[in-house]
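>>> no sequence for this one, just the structure:
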């Protein structure tokens with residue numbers, strides 16, 4: 001396995017502002033690429049761990065990395081639905097900012113109740129992936145060592161930004177730890193320039209750097225959560241409002257595209273009222289927010305699954321037609337007629353999924369018959 005060079009993209013704007021449309025489009029494209037590459041890499045790392053008999057050793061970090069990837073993927077779906085191909089007004093772009101910079105908690109089921117934003121989750125997933133790769137000794141040759149040194153320098157720049165967020169009481173200690181990492185990296189880089197083998201030094205250094213970055217991200221997130229429960233509830237409420245709006249768009253597209261479509265009501269977050277400010281009320285209010293978050297997740301998955309089934313049938317029909325053409329039987333009367341019928345039904349809005357599945361199966365049955373002949 002080669003050293004990873006792809007890190008989570010930098011998110012545009014900030015919470016509470018209408019994001020620039022071009023920046024949103026660029027971010028979504030980069031995030032889509034990152035999700036596909038990171039998933040492939042995590043699967044490769046998992047396979048390497050199992051093959052080496054070290055699956056149990058890295059199970060905790062692997063589970064957290066996969067949970068982060070899943071949370072980011074689900075939030076990407078909502079941002080994509082809210083983006084609506086770029087047909088967005090200022091209020092829509094503010095909602096997208098809330099989705100990007102709001103908290104990934106509640107429905108995301110991150111271990112330990114971890115509450116991080118989408119950019120923080122991406123950086124944490126990057127750090128965990130690098131740590132897993134190092135622990136399994138999957139970085140070896142000289143070119144990869146040079147790439148790892150470059151990545152470490154970029155990582156320590158990110159760590160420096162995180163150190164600035166530390167409370168004044170512990171910032172000096174964090175800065176000293178960062179300085180030690182920088183000094184070690186400089187020494188490793190100098191030895192590498194002299195042609196020395198630094199493989200034995202890179203592994204522990206990368207492990208320490210990724211662990212430190214992870215601790216800083218998690219610590220900052222937990223301090224933010226503990227500092228002000230009222231602010232936490234307000235952030236979650238704003239996030240749920242943005243998610244419910246995006247889910248309404250996803251549901252409308254699903255109902256217009258397929259039948260039968262799921263029939264989940266989109267929870268009205270506004271009906272919960274404003275966030276209370278008294279300690280006696282905030283706990284119960286947060287529990288209600290969590291239930292709404294869970295309901296949104298159930299509905300999102302159902303609507304996304306229905307749309308995915310329609311896409312699957314289209315892809316299956318296209319693949320079968322390619323196969324028929326390769327075999328020279330696509331022009332047969334029965335195949336032409338069954339293709340026409342399947343495409344007509346798949347093109348309806350809404351498309352009856354059960355009928356469409358039967359027609360795609362009919363085409364494949366005719367293809368099997370012609371192939372056997």
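In hand now; what should we look at? Since we're looking at a predicted model, the values are computed, not measured.
>>> Low-confidence ranges, the stretch 101-250 of the chain, go.
The model of the stretch 101-250 of the chain has pLDDT under 70 over residues 105-113, 137-143, 193-197, 199, 222-227.
>>> if you set the cut-off to 90 instead, what comes out?
For the stretch 101-250 of the chain, applying pLDDT under 90 flags the ranges 102-117, 120, 123-124, 126-155, 161-162, 164-171, 186-207, 210-211, 213-236.
>>> so where do the strands sit in it?
103-104, 116-117 (DSSP state E, counting those that start in this stretch).
>>> Tell me how far the last one lies from the chain's centre.
Pointing back at strand 116-117 there. Put simply, strand 116-117 sits 12 Å off its chain's centre (CA atoms, centre = their mean, to the nearest Å).
>>> low pLDDT regions in the stretch 251-373 of the chain?
Those would be 265-268, 275-284, 286-287, 370-373, if you go by pLDDT under 90 across the stretch 251-373 of the chain.
>>> before we move on, back to that, is it possible to export the strands of the stretch 101-250 of the chain to JSON lines including mean neighbour count and distance to residue 183?
Glycine gets a C-beta too; all of them are placed from N, C-alpha and C. Output for these, formatted as JSON lines (neighbours: other CB atoms under 10 Å; distance: least, CB to CB, whole Å):
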{"stretch": "strand 103-104", "mean neighbour count": "24", "distance to residue 183": "34"}
{"stretch": "strand 116-117", "mean neighbour count": "24", "distance to residue 183": "29"}
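>>> Among those strands, which comes closest to residue 355?
Evaluated over the strands of the stretch 101-250 of the chain, closeness to residue 355 peaks at strand 103-104, with 38.5 Å, by CB to CB.
>>> Can you give the distance of the closest one from its chain's centre?
12 Å.
>>> Mind listing residues that contact it?
71-72, 75, 110, 115-118, 121, 232, 235-236, 239 (CB atoms under 8 Å, 6 or more residues apart in numbering).
>>> Sheet partners, orientation included, of it?
Paired strands of strand 103-104, with direction, are strand 116-117 (antiparallel) (DSSP bridges).
>>> Okay, buried residues for whichever strand or helix holds residue 252 please.
According to DSSP states H and E, residue 252 maps onto helix 229-257. By 16 or more other CB atoms under 10 Å, the buried positions in helix 229-257 come out as 229-230, 232-233, 235-247, 249-251, 254-255, 257.
>>> Which one of the strands of the stretch 101-250 of the chain lies nearest to residue 342?
So among the strands of the stretch 101-250 of the chain, strand 103-104 is nearest, using CB to CB, at 39.6 Å.
>>> what's the next secondary structure element after the longest helix belonging to the chain?
Determined from DSSP state H, the single longest helix within the chain is helix 279-327. Going down the chain from helix 279-327, the next helix or strand is helix 333-346, by DSSP H and E.
>>> if we can go back for a sec, the longest helix of the chain - contacts with which helices or strands?
Other helices and strands packing on helix 279-327, by 3 or more CB pairs under 8 Å, 6 or more residues apart in numbering; DSSP states H and E, are helix 59-83, helix 229-257, strand 258-259, helix 333-346, helix 353-372.
>>> In JSON lines: these, plus distance to residue 218.
Shown next, in JSON lines, are the helices and strands packed on helix 279-327 (distance: least, CB to CB, whole Å):
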{"stretch": "helix 59-83", "distance to residue 218": "10"}
{"stretch": "helix 229-257", "distance to residue 218": "16"}
{"stretch": "strand 258-259", "distance to residue 218": "40"}
{"stretch": "helix 333-346", "distance to residue 218": "46"}
{"stretch": "helix 353-372", "distance to residue 218": "43"}
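>>> Which of those sits closest to residue 278?
helix 229-257 (9.1 Å).
>>> Could you tell me how far the closest one lies from the centre of the chain?
For helix 229-257, the separation from the chain centroid amounts to 17 Å (computed by CA atoms, centre = their mean).
>>> and of the helices and strands packed on helix 279-327, who's closest to residue 323?
The closest of the helices and strands packed on helix 279-327 to residue 323 is helix 353-372. By CB to CB, the value is 6.7 Å.
>>> how about the closest one: buried residues?
353, 356-357, 359-360, 362-364, 366-367, 370.
>>> Now do the nearest residue to residue 128 once chain neighbours are set aside, the pLDDT please.
Spatial nearest neighbour of residue 128, excluding adjacent residues (CB to CB, 6 or more residues apart in numbering): residue 65 at 4.2 Å. Residue 65 carries a pLDDT score of 90 in this model.
>>> now the strands of the stretch 101-250 of the chain in a markdown table, with distance to residue 27?
Formatted as a markdown table, those follow (distance: least, CB to CB, whole Å):
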| stretch | distance to residue 27 |
| --- | --- |
| strand 103-104 | 16 |
| strand 116-117 | 13 |
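>>> closest to residue 276 out of the ones you listed?
Using CB to CB, the nearest of the strands of the stretch 101-250 of the chain to residue 276 is strand 103-104, at 18.6 Å.
>>> sorry, back to before: just tell me which of the helices and strands packed on helix 279-327 ends up closest to residue 182.
Proximity to residue 182 (CB to CB) singles out helix 59-83 among these, at 24.3 Å.
>>> So which bits of the closest one are buried?
Buried-residue list, helix 59-83, by 16+ other CB under 10 Å: 61-62, 64-69, 71-72, 74-83.
>>> May I ask which two of the contacts of strand 103-104 are separated the most?
Spanning the widest gap among those are 72 and 232, at 20.3 Å by CB to CB.
>>> Now stretch 32-52: buried residues?
Buried residues in stretch 32-52, defined by neighbour count with 16+ other CB under 10 Å: 34-35, 38, 41-42, 45-46, 48-49.
>>> actually stretch 271-286, sorry about that
Buried-residue list, stretch 271-286, by 16+ other CB under 10 Å: 272, 275, 282, 285-286.
>>> Many thanks, I have nothing further to ask.
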